[in-house]
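A.B. asks: let me see the structure of the following:
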Amino acid sequence: MKPSLQGFAAAVVESVSGPALATLAEELEAVHSLVDGNPVLRAALTDTSMSAATRRAVVDDLLADRVSSQARRSAAFAAGAASAPELPAALAWLAARARHAAEGIAVQEPALGYLSARARVGGYATFVFESVATDSLPQIEDELFRFARTVESMPSLRTALSNRDLPLEVRLAVVNALLAGKVESATLALVGYTIEGGRPRDLVGTLDFLVEHTARARGWRVARVHSARDIAPAERDELGRALSALAGNPVELQVSIESKLLSGVLVQLGDLQIDSTTRGRLDALHEHLFSRGWEDLLDGPEHGSADKGAR
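C.D. replies: The predicted structure is shown next:
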């Protein structure tokens, strides 16, 4: 099943409790039966010429005022996440996931590769972001960024949270002890699912991925700026405008001070990296020297001419 749908479903199930879980399962089973049992509807929704966005809109409109919000949102998300031929199977999987939760059957997220695990966490985050006020997103983004830097700077904490030999409940308890009551409830949920649904060794990377995902939810992109010194407000504004023009979207700066860079800044914006630091130049020079080899450097043009003349 699509990793993003796994994460979205996990968030939906978390948002429902008690008898409502059984109702959710019944509604999703009914949605699957409707699509799978109606040849005309099934043919329309599995038509590969229909875009994912259109398919999602059709399902959302079809179920409006007929099922609960959670069931409608789940089915619509499945319609956009799964390919057209896979939609009936995706709806069946959703119904089974809700039924297991209603019957108290524990579901352990399967191990995935780095990108797939991040996509799963992203699916979970999509549901969370749909459920929170837009003006709370900057706070969530900042809290995720700060926690990522905390984990990154504390090897003992990073090791504990990434240790697959520790029971999941223990690792989640550590997160709760550190963050409960100190951050937004959405932030706590996102960090918790990063532990549960992400790859343990990619904890910091997945948290940074969530920072960017949160920014995109506000229509922004995040540029991570590593600077040797603090950046004055006017310089930040100028850098932000330049990167926004480059990206074609508003860009938010997340600045971290790293004295080891000596001077200058290192900017990471998606796949783009701009390195104007002294450390970066020294590393590039070091790589250039050793890629040529010391003998080539010592054997300059004068040596080459003399050797030819001698021969």
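A.B. asks: quick one: find the helix or strand in the protein with the lowest mean pLDDT.
C.D. replies: The weakest-scoring helix or strand in the chain, judged by mean pLDDT, DSSP states H and E, is helix 301-310 (a mean of 47).
A.B. asks: pull the number of nearby residues for L168.
C.D. replies: 13 (other CB atoms under 10 Å). Where C-beta positions appear, they are placed from N, C-alpha and C, glycine not excepted.
A.B. asks: quick one: residues contacting it.
C.D. replies: I195, E196 (CB atoms under 8 Å, 6 or more residues apart in numbering).
A.B. asks: how near is the closest residue to R72 other than its chain neighbours to V40?
C.D. replies: With CB to CB, 6 or more residues apart in numbering as the measure, L63 is the residue that lies nearest to R72, at 4.3 Å, once sequence neighbours are left out. According to CB to CB, to the nearest Å, L63 and V40 sit 17 Å apart.
A.B. asks: which one's more surrounded, the two?
C.D. replies: Using other CB under 10 Å, the more surrounded residue of L63 and V40 is L63, with 22 against 7.
A.B. asks: contact partners for that one?
C.D. replies: Applying CB under 8 Å, 6+ apart, the residues near L63 are V31, A71, R72, A75, A76.
A.B. asks: so which of those residues comes closest to L94?
C.D. replies: For these, the closest approach to L94 (CB to CB) belongs to A75, at 7.0 Å.
A.B. asks: just checking, that closest one touches L91?
C.D. replies: Yes. The criterion here is CB atoms under 8 Å, and A75 meets it with L91 at 6.3 Å.
A.B. asks: what residues are shared contacts of the two?
C.D. replies: Both A75 and L91 are in contact with L28, V31, where contact means CB under 8 Å, 6+ apart.
A.B. asks: gap between the residue nearest to R72 and Q70?
C.D. replies: From L63 to Q70 the distance is 11 Å (CB to CB).
A.B. asks: got it, and T206?
C.D. replies: According to CB to CB, T206 and Q70 sit 25 Å apart.
A.B. asks: compare these two (neighbour count), which wins?
C.D. replies: Between T206 and Q70, counted using other CB under 10 Å, T206 has the larger neighbour count: 27 against 21.
A.B. asks: residues touching the more buried one, list them.
C.D. replies: Contact analysis of T206 by CB under 8 Å, 6+ apart lists A117, R118, V121, T194, G198, R199.
A.B. asks: sec struct for the fourth one, please.
C.D. replies: State at T194, reduced to three classes by DSSP: H, G, I helix; E, B strand; the rest coil: helix.
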